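J.: Provide a 3D model corresponding to the input given below.
(2 chains)
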Amino acid sequence: MEFLTVSDLCKVYGKGENEVRALDGVSFTVPKGQMTAVIGPSGSGKSTLLHILGGVDRPTSGKVYLDGQDVYAQNNNDLAVFRRRQVGLIYQFYNLIPVLNAEENITLPMIMDGRKPDPKHVDELLELLGITERRNHLPSQMSGGQQQRVSIGRALFTSPAVILADEPTGNLDSRNSADIIALLRKSNRKFDQTMLIITHDEDIALQCDRIITISDGRIVRDELTGQS
Amino acid sequence: MRFENMLAKKYIFSQKRHSLLTVCSIIASVAILTMMIVAYTTYMAIYRDAVYDAKPYHILISPLSEEKAEKLRQIDGIESVTLVQAGKTGKTDGRVMLKKYYEDTDTLTLSIMKVAPLAEINVNERLMSLDMIGTDAKANKVISLTMLCVYILLIMAILRLMIDTAFEVSSKERERQFGLLQSIGATPKQIVRVITREGLMLSAAGVPLGIGAGIGVAYAAYRAVLTSGVADAFFTAEKAEQIVHFHVVPQLLLIPAVAGVVWVLLSAYGTGMRVIKMSPVDAISARSKKVKKVRRHSLYGLLFGWTGKLASRNNRRQRKRFIITILSLTLSITLFASLGVVTKFMRVTTTEMLTIYDGFTKASDDFVLIHPLSLDDPTAFTETMELIEDSGYFDEIALAKSAMAHDPGDTQVGYDINYASRDYFDQIFGGKTDITYDELAAQGGYIFLTSEGGREFTAGETLELEADKYVIISDEEFEEWKSDKSHSVTTIRDFFSYYPTDPEVNDLMGESDEFDDESIRKYSAEKVRVPVSYTVSAVMKDTDVLGGGYVSSERVTVVFATLDTYIQRDCHYYGEICREEFFKCTLADAKQYDSAVRFLKDNSGRVRVLINNYMYKRMVSTAISALNIGITFVSALIAVIAIVNMINIISTGLLNRRGELAAMQCIGMTRRQLNKLTVIESLQYALIAGVCSTGLCELLILLTRMATRSVVGDNSMDKKLISFSQPLPAIWISAAAAFAVALLASFSAVSRMNRTPLIDQLRSPD
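T.: Down below sits the predicted model:
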């Protein structure tokens, strides 16, 4: 059963001589629960693809369907609601809100949605992330690894349909990187979440179910790793 | 140096918008300071000229001959000696002008006293002080310059924020570039120099433009004051033209010029120091400034939920700026709100002063005139009245003649008997009495006004009383009786001695000179009691017609009749002879004030000005207008600073959080939620400033009331003073305006930010 469908996706920046095709006719599908790595050299269009999948940036042409829903048929407001309910975004530099503590950062998407976070669910997630003692700490009072865990917690908290991670370990040491990937894997298996991870790290890519390689805005290789 | 200059130039031209914002901030700050200095110098010059116009000399020697004047001219320290005719006496006075800033006045005085005796020397100390003459000149100069400097420093501290913020916005965008420069070998000093060079180049454009703009705005304000007629009210239109001039002291313009350059250098240096404090790696990777502490509980969180909590925490990130903006906003709102309060306070107290001056005189009267009683022709006032009426300068001409009467054999129970003209009658009783002027005149009766607890009267009854009468005596009798202790005599001049005789005051009040010798009448101060009957036509409470308090004692009854009755009953010899016949009237046309005063002076043989309320009211009204203009100017100035600070703080606050806000939008924050966040942030400024202004205003009112009570010692003044609720609408309207400005700034910043795709915003430095 295909959960995420990307059809002939193009993204063009600039015009005329300055035109850059960041994505050039990208098409693929992802079944539910698959953990996919997207790799490729710098400037190949990986981050652009991730942002378009996450509803952050609009494609120049092409379609993205998530669970049968045409993502870009929605207006900006619906797209924002789509992001907070259906997508969990994890960034290399965490992008946490500096004035909110760990717990507040994690629960923010649900609070934005007008829902009240279940304290039990918060406790469980903090436990899973291993940052229970840091729940009241501000981002500036945490290490990079801890901040990334909070960022993952924020992405997971609303149980979104898809988790998109843009080099989640790019800013971490090897030990923290391994922990984060293990955490994502655990979550993927526990909640049957579809995940797309952009990475430069081949070891991380090999831990995923599938590896999509992008170069110059096109998919040049798409293969299963046999992890599933 | 070449590297720093080259880079500074490149930055200026590559970031045109930011450079323009910085130059505009420099222009605005320098212009505000220039404006204040020019306003100060213009005011001081006008004040000096006004003082000189009233007394055009440092020293007046009266009389002074040409020979003595020549001797004076030889004395060191004397600039000039001018001889002028002293009235019609044929003598000449000497107007001595001293050299400005001359200090040794002790020696100078001694030298002058060798030429003219002390009794003939009149010193214009005010002009000497303004021209910095005298032993205290240096001290005065130091004091006034220190005060000016303290004032300027205060303003400068607030204004510097404007330039600071502009630099911060501009440098924020380039933190990554500065990090990069450091990483490839630029020393921190070089980075600071690049920024300070940039500041110097921008100030080279901003400072001269700011000085020009400041002078321009000050000149526009000066023209506005001239055309508004405020100056004419202080002086006459003719004098205003001579005295009121725009005055710029070029040397003082160095203050805003130097201040502008210093401001820019300090701001640029501060920004440079902040930039180099970041490690090159942090700058390149655009790591956000660490937030180490936040308030856990927030009122705004309770009121507006998570957006309120977030807004409150965001506002407090830049605590210093937040406090300064709130302070300047509070001050500005308080000043705006106090405009109405001050105006009302002045009106109330002025009205009070006018009404308590004399029971006959009301605040609405413009002039109180005296008609010298003519014993040969007791009804001469009718001709004077016609003369006043026919002049066309006056309206609502009222005349009251008064007399005192007593119960037979009891001088403790008195009757204040007034004969009112039709206009005066209408002013007092208009529509409030059952009997008309004509009916009262036809009956030859009287209206009896009693106070609470006063004596009761019945309409129709006739009272037999004794009226007071003074006896006019001849010059011979006067001289004889004066030395005879068994008689008490006096003259009309004694009466006038109660009124100011200072020629300056009389001139200011538009009054005529003193009575000449011929008008002095001598009379016995011994009263003769004459039996007179008074018919009660109507009885009223003074509270019904005069608002109470008119009848000062339970023992006194105020009685009104018509002037016709006065004439018919041949009552002219009743009453105190020293009480002249008072007219009161209003000015028909304000533009004809000068002509009206001239008319009164021309006819001073028949009628003289006792009180010139019009001049007084005009001065008060002008003072209120001037105060309003002053407060408006100052509050507008502070408002500009507050608003610019608020716009800057909100814009930079949002700009600094661009990545953070983008991240929030990426995880699902809608545009509406983002707008709500900015609305609450703006609301917080307005609400806090509104609450602080309310507190400050209420405190000021309380202090004013306490001060007035201690000065006037009259608790009844409290009721007429300002209510605590009066400034509230003005405060909250101003706070709402501040909120609207903050909203505009927020929406504009958010809208500008959202023109960039979210992913680009995410990459921008936090």
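J.: make sure residue B:682 is indeed in a helix.
T.: Yes: assessed with DSSP: H, G, I helix; E, B strand; the rest coil, residue B:682 lies in a helix.
J.: chain neighbours aside, what residue packs nearest to it?
T.: Nearest residue to residue B:682, sequence neighbours excluded (Cβ to Cβ, 6 or more residues apart in numbering or on different chains): residue B:742, at 3.4 Å. (Glycine included, C-beta is placed from N, CA and C.)
J.: count of neighbours near the one you found?
T.: Using other Cβ atoms under 10 Å in any protein chain shown, residue B:742 has 26 neighbouring residues.
J.: chain center to the host helix or strand of it, what's the gap?
T.: With elements taken from DSSP states H and E, the one containing residue B:742 is helix B:728-753. Here the centre of helix B:728-753 is set off from its chain's centre by 30 Å, with Cα atoms, centre = their mean, to the nearest Å.
J.: what mean pLDDT does it get?
T.: The average pLDDT within helix B:728-753 is 88.
J.: so the residue nearest to residue B:682 sits against residue B:686, correct?
T.: Yes: with contacts counted by Cβ atoms under 8 Å, residue B:742 reaches residue B:686, the gap being 6.5 Å.
J.: sec struct for the residue in the stretch 51-200 of chain B that chain A sits nearest to, please.
T.: The minimum distance from the stretch 51-200 of chain B to chain A, using Cβ to the nearest Cβ, falls at residue B:176 (13.4 Å). Put simply, residue B:176 is helix when judged by three-state DSSP.
J.: which stretches of chain A form strands?
T.: With DSSP state E, the ranges of strands along chain A come out as A:2-13, A:20-31, A:35-39, A:61-66, A:69-70, A:87-90, A:162-166, A:194-198, A:210-215, A:218-224.
J.: of the ones you listed, which is nearest chain B?
T.: Here strand A:87-90 is closest among the strands of chain A (Cβ to the nearest Cβ), at 5.4 Å.
J.: who does the closest one touch, helix- and strand-wise?
T.: Strand A:87-90 is packed against helix A:144-157, strand A:162-166, with contacts defined by 3 or more Cβ pairs under 8 Å, 6 or more residues apart in numbering or on different chains; DSSP states H and E.
J.: pull the CA atoms of the first one into PDB?
T.: Output in PDB follows, covering the C-alpha atoms of helix A:144-157 (Å, rounded to 0.1, in the frame of the first residue of the first chain):
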ATOM      1  CA  GLY A 144      23.400  19.300  21.100                       C
ATOM      2  CA  GLY A 145      22.300  15.600  21.400                       C
ATOM      3  CA  GLN A 146      19.700  16.500  24.000                       C
ATOM      4  CA  GLN A 147      18.400  19.300  21.800                       C
ATOM      5  CA  GLN A 148      18.100  17.000  18.900                       C
ATOM      6  CA  ARG A 149      16.200  14.500  21.100                       C
ATOM      7  CA  VAL A 150      13.800  17.400  22.000                       C
ATOM      8  CA  SER A 151      13.500  18.100  18.300                       C
ATOM      9  CA  ILE A 152      12.700  14.400  17.600                       C
ATOM     10  CA  GLY A 153      10.200  14.500  20.500                       C
ATOM     11  CA  ARG A 154       8.500  17.500  18.900                       C
ATOM     12  CA  ALA A 155       8.300  15.700  15.600                       C
ATOM     13  CA  LEU A 156       6.900  12.500  17.200                       C
ATOM     14  CA  PHE A 157       4.600  14.000  19.700                       C
END
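J.: now the angle from that helix to strand A:162-166?
T.: Going by axes from the mean of the first three to the mean of the last three Cα atoms, to 10 degrees, helix A:144-157 is angled at 160 degrees with respect to strand A:162-166.
J.: got phi/psi on residue B:541?
T.: phi -90, psi 140 (degrees, to the nearest 10).
J.: that one against residue B:456, yeah?
T.: No: the criterion here is Cβ under 8 Å, and residue B:541 misses it with residue B:456 at 10.9 Å.
J.: compare the two (neighbour count), which wins?
T.: residue B:541 (14 against 7).
J.: what sits against the spatially most central residue of chain A?
T.: Closest residue to the average C-alpha location of chain A: residue A:164 at 1.3 Å, with Cα atoms, centre = their mean. Residues in contact with residue A:164, defined by Cβ atoms under 8 Å, 6 or more residues apart in numbering or on different chains, are A:50, A:53, A:54, A:87, A:88, A:89, A:90, A:195, A:196.
J.: show me what it bridges to in the sheet.
T.: Under DSSP bridges, the beta-bridge partners of residue A:164 are residue A:89, residue A:196.
J.: please tell me how far it sits from residue A:36.
T.: 10 Å (Cβ to Cβ, to the nearest Å).
J.: before we move on, what about residue B:177?
T.: For residue B:177, the distance to residue A:36 - Cβ to Cβ - is 37 Å.
J.: now the common contact residues for residue A:164 and residue A:36.
T.: Counting by Cβ under 8 Å, 6+ apart, the common neighbours of residue A:164 and residue A:36 are A:195, A:196.
J.: got a list of what residue B:81 touches?
T.: Contacts of residue B:81 (Cβ under 8 Å, 6+ apart): B:64, B:69, B:72, B:73, B:94, B:95, B:96, B:97.
J.: residue B:424 reaches residue B:430, doesn't it?
T.: No: here residue B:424 does not reach residue B:430: they are 10.4 Å apart, not a contact under Cβ under 8 Å.
J.: higher neighbour count, those two?
T.: A count of neighbours by other Cβ under 10 Å puts residue B:424 above the other of residue B:424 and residue B:430, at 25 against 11.
J.: for chain A, see how far away the more buried one is.
T.: Distance from residue B:424 to chain A, counting by Cβ to the nearest Cβ, to the nearest Å: 74 Å.
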